[in-house]
Every structure is written in C-alpha cells, then in structure tokens.
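Asks: Turn this into a model:
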Amino acid sequence: MLDFSLTAEQQNLQMKARTFALEEVLPVAWFYDEKDELPIEVLRKAFNAGLIGGDIPKEYGGQGLSLVDSALITEEIAAACPGLATSIFDSSLGMEPILLSSNTVAKQKYLPAIANDFKLAAFATSEPVMGSDVAGIRCSAQADGEDYVLNGTKFWITNGGVADYLSVFATTDPKSRHKGICAFVVEMDAPGVRVGRAIPKMGQRCSNTVGINFKDVRVSKENILAVPGEGFVLAMKTFARTRPIIGSFGVGAARAALEYSLDYAKKRRAFGMELGTFQAIQFKLAEMFQKVETSRLLTWKAAWESDQQKDGKVSASISKLYATETALEVVNEALQIFGGYGYTKMFPIEKILRDVRLLRIYEGTSEIQRMILADYLLKEYKPSMPALEDLPLHRLHDPHSGNAALAAGKAWRCRICGHIHYDETPPAECPYCFFPHTAFKELH
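Replies: Numbers count the residues shown, from 1 in each chain. Below is the predicted model:
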C-alpha cells in the first residue's frame, strides 16, 4: 500500500522547521543577501534547534532523522531563503562521506562532534578547472608511508570559510581518472590548509563559498575515507543520498514564489479587476502549483528509496533534475505575475530567482542528470512491453477469435517495416520494404 501521509513526529518536525524559517531565517535573509555574508549565528540557532546534524545516526549522538525528515526541514528553510538553506544543509553533505565510509575510527571521532558540538563539515570535490567531471580531479594525494600528503586547490566549497572538517576527494594519479580517486577527512586547522576569500556570487549570497588550498597537508591513515580507486564510488553514493535534498531546495523556493504570487494576484488590481480573476494569471498559478506538488512527490520518493537502502541513483537524479528545473520556471513565472515590481529589490521574487538559478548547477548539473538517466535507460532499464520485432500488431485477424485460418497458420513480422504476414512460412520478399524472408520473425 502507498501512504503519503506524514507521521505525527514528521508533522511536528515540519512545523518546527517552518517556525524557525519564519522567525529566524526570513527576517534576516535580505539583509545578509545585501551584505553577501553568511549569518553564522543563524546556523548556530539551527543547530541548537536540532535542524543541523539531526540526520546523524543515534549511535553517534545524532537524532537518527531519515532523509525524508531532512527533505521536510529543507523545504521549509528554503522557502525562507535558499542560500541559508544551503549552508544549513551543507554539514550533512560534508559528513555523508564519513558516514558512508567503512572507517569506524573517523565515524566515532567526527560524527559525535558534528552532532553535539556545533562542528560543521563541508564537502570538496570541485576544483577551479573541474566541476561536473569528478574523474578529472587534479588535487594530489601522494602516499607517504601509511599517511597521505595533499597538494592542490578545491573550489566552490560551501561553508568552507566556517567549517571545522572537510571531506576531500583527491587523486594519486590524474591520468588514471576514476582509479586514482581517494577521499579523506581534513581538519581545517591543519598546517598547510588555506581558505580563500568568499567568492562573490549572483545569488545564494547568504551562503559562504570559498576556495581551499592544500600545501603539503599531511593526512593520517585514520582519516582515510576511501583508498585510491574507491573515492569515485564514495562520491557517487554521497550524491545519490544528497541530490533529493537539492530537489527540496527547489520545492521550498518555488512554493514561496507561488504563495507570494497568490497574495499579489488577490490584491493587485488591473483594468478594474483583481489580477487573479484573469484566466491568463489563473493558468500560470495552476501550472506553478502542479509543478511544486509534483516536485515534492519526486523528492519524497527519492528520499524514501534512500531511507529503504535501495539504489536511489535514478530517483535522485530525476528529483534533482525536475525539481530544480521547475523551480526556475515557477519563480520566473512569479516574476511575470508581479510585472515590473517583480524585477525590483522591493519585492522578494528577484532574490529567489537569483538563488534558485544555482540549483541547476551544483551537485551535478541538469545536463549531468540527463546523462545519468540516459545511461540508465540505454543500459539497465528493463522494459515491460515487448520488443518491436515481437509486437503482435494483428490488424487483419483477431488472435482470440478462434479464427481457423489464423490458428492453422502462423504470423510473421518484418523487423524492418513492421508488416505482419499470415502463412505457414514468411514471404520470399516483404511487399512493403522489399527485404528478403530473413527479415521476418515468427510471432508467438
């Protein structure tokens, strides 16, 4: 049985996150967007409210929240500010490689600190000349005894300027691509770690984004999350767990844009009538609403699959792709409803538009998601319908009619043009495409 209802605990969590978003995030979002600065105290309040680190298992001091729970929280925060939602969620992204690794020492050392001590984790795969091509990592990890020494630069690191720990993906040999990639936990106060200036961005300005440089940074064997050859798999497993939450960013932001548009359409008058009375506006609102609702269902499904320990790669890509693409569409339509006011900084839509534009890029661009889905379809997808050459397109006879002539004979389908021939043997030549009898296959 399908059941889309939330438990009482999840409803309470949802309302708790909504209250936090409205009381702590929304009032400061535009101020810090203007300053282009992360309000670290809001993150601290989110931690104290149990909205950061709650997805860490109870055995490591966390609340053991599910990914569906995280989706509920993220949607509410993102409705108030997608940028702050990114920074609040990012510690989960940063700790995920630790949680998914087989390194019990690292888990016991770092996960309790993230869960209980307001220690923030960040995630580092991208580099100044490498983004979507994870196998193209150049940051060097050279073995030195049982330790490794890191040299290189990571870029686009969310919360890199405020994090305590960093999950770093590096390579022992750039030429070996996937086979050389490994992963480590790096403490940000380690010798040789340098943090760059905050990167100025069009949107998500309430979120901290920096480059991080490693100069002969020694990482002990206790901090190895994936040995060479296993790092790429760990990164992909991480994305399969976290991409549904990126979808939740889109759901929350799009929902906020829809709600602001509803309010505007009910109160703004044009040609002597409320905007909402015009069918053109009604159709826009209806389209926006169905996209928000569909996106939410896709993200919940992907999160649920991950919670059930299923291979959620495909659902994660679908939810991330659909929810982030439609978020941009919904917010863009919201701006159209607001007209000139939507283009100003006096109303909320322009900020949301700037914020959601990034969603189609980070944690795998929309193009990467399409590549993942196409690869799955062409190599792994198992159709329920018969192959074209086996398709029983009986146009001249009903095979269930008891027709004696059909029962006594056979049916042959031309694999080139689809013509079906009824006889004991295929024709010497297809009467439509002229291919020989070898092009025909008997239907069963």
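
Asks: Show residues contacting stretch 360-373.
Replies: Contact with stretch 360-373 is made by 93, 131-132, 156, 158, 239, 242-243, 246, 313-314, 317-318, 320-321, 324-325, 328, as judged by Cβ atoms under 8 Å, 6 or more residues apart in numbering. No exception for glycine: its C-beta is placed from N, CA and C like everyone else's.

Asks: can you tell me the average pLDDT over that stretch?
Replies: Taken as a whole, stretch 360-373 has a mean pLDDT of 94.

Asks: what does stretch 147-163 give?
Replies: The model assigns stretch 147-163 a mean pLDDT of 97.

Asks: So which bits of that stretch are buried?
Replies: 148-163 (16 or more other Cβ atoms under 10 Å).

Asks: rewinding a little: just the buried subset of the contacts of stretch 360-373, please.
Replies: 93, 131, 156, 158, 239, 242-243, 246, 313-314, 317-318, 320-321, 324-325, 328.

Asks: Mark which of these are part of strands, please.
Replies: Using DSSP state E, the members of the buried ones among the contacts of stretch 360-373 that fall in strands are 156, 158.

Asks: Just the buried ones among the contacts of stretch 360-373: which are in helices?
Replies: Per DSSP state H, helices hold the following members of those: 93, 239, 242-243, 246, 313-314, 317-318, 320-321, 324-325, 328.

Asks: Pull out the buried positions in whichever strand or helix holds K301.
Replies: Using DSSP states H and E, K301 maps to helix 279-307. By neighbour count on 16+ other Cβ under 10 Å, the buried set for helix 279-307 is 281, 284-285, 288-289, 291-292, 295-296, 298-307.

Asks: show me where the stretch 51-200 of the chain has helices.
Replies: Remark: helices assigned in the stretch 51-200 of the chain by DSSP state H, counting those that start in this stretch are 67-80, 82-100, 104-116.

Asks: Any idea which of those helices gets closest to K351?
Replies: helix 82-100 (8.7 Å; Cβ to Cβ).

Asks: between that closest one and helix 104-116, how many degrees?
Replies: Per axes from the mean of the first three to the mean of the last three Cα atoms, to 10 degrees, the angle that helix 82-100 makes with helix 104-116 is 150 degrees.

Asks: Could you check the angle helix 82-100 makes with helix 67-80?
Replies: Using the same axes, to 10 degrees: helix 82-100 against helix 67-80 is 160 degrees.

Asks: From the chain's centre, how far out is helix 82-100? Work that out for me.
Replies: 12 Å (Cα atoms, centre = their mean, to the nearest Å).

Asks: change the start of the numbering to 9 and stick with it
Replies: Sounds good: first residue 9 from here, last item helix 90-108.

Asks: Output it as PDB, nothing but the C-alphas.
Replies: Extracted in PDB, the C-alpha atoms of helix 90-108 (Å, rounded to 0.1, in the frame of the first residue of the first chain):
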ATOM      1  CA  PRO A  90      17.500  29.100  -0.400                       C
ATOM      2  CA  GLY A  91      21.000  30.400   0.400                       C
ATOM      3  CA  LEU A  92      20.800  29.900   4.100                       C
ATOM      4  CA  ALA A  93      19.100  26.500   3.500                       C
ATOM      5  CA  THR A  94      22.200  25.600   1.500                       C
ATOM      6  CA  SER A  95      24.500  26.400   4.400                       C
ATOM      7  CA  ILE A  96      22.300  24.700   6.900                       C
ATOM      8  CA  PHE A  97      22.200  21.500   4.900                       C
ATOM      9  CA  ASP A  98      25.800  21.600   3.800                       C
ATOM     10  CA  SER A  99      27.100  20.000   7.100                       C
ATOM     11  CA  SER A 100      25.000  16.900   6.200                       C
ATOM     12  CA  LEU A 101      26.600  16.800   2.800                       C
ATOM     13  CA  GLY A 102      30.100  17.200   4.300                       C
ATOM     14  CA  MET A 103      29.500  14.400   6.900                       C
ATOM     15  CA  GLU A 104      27.900  12.000   4.400                       C
ATOM     16  CA  PRO A 105      31.200  10.600   3.000                       C
ATOM     17  CA  ILE A 106      32.300   9.900   6.600                       C
ATOM     18  CA  LEU A 107      29.000   8.100   7.400                       C
ATOM     19  CA  LEU A 108      29.100   6.100   4.100                       C
END
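
Asks: before we move on, back to that, okay, angle between the helix holding K309 and helix 75-88 too, please.
Replies: Using the same axes, to 10 degrees: helix 287-315 against helix 75-88 is 150 degrees.

Asks: who does helix 287-315 touch, helix- and strand-wise?
Replies: Using 3 or more Cβ pairs under 8 Å, 6 or more residues apart in numbering; DSSP states H and E, the elements in contact with helix 287-315 are helix 75-88, helix 239-275, helix 321-346.

Asks: dump the residue contacts of T250.
Replies: Applying Cβ under 8 Å, 6+ apart, the residues near T250 are 100-101, 104, 371.

Asks: go with 6 Å
Replies: Neighbouring residues of T250 by Cβ atoms under 6 Å, 6 or more residues apart in numbering: L101.

Asks: Toward the C-terminus from the helix or strand of the chain with the lowest mean pLDDT, list the very next helix or strand.
Replies: Every helix and strand of the chain was ranked by mean pLDDT, DSSP states H and E. The lowest is helix 412-416, at a mean of 53. Scanning forward in sequence from helix 412-416 by DSSP H and E, the next helix or strand is strand 418-422.
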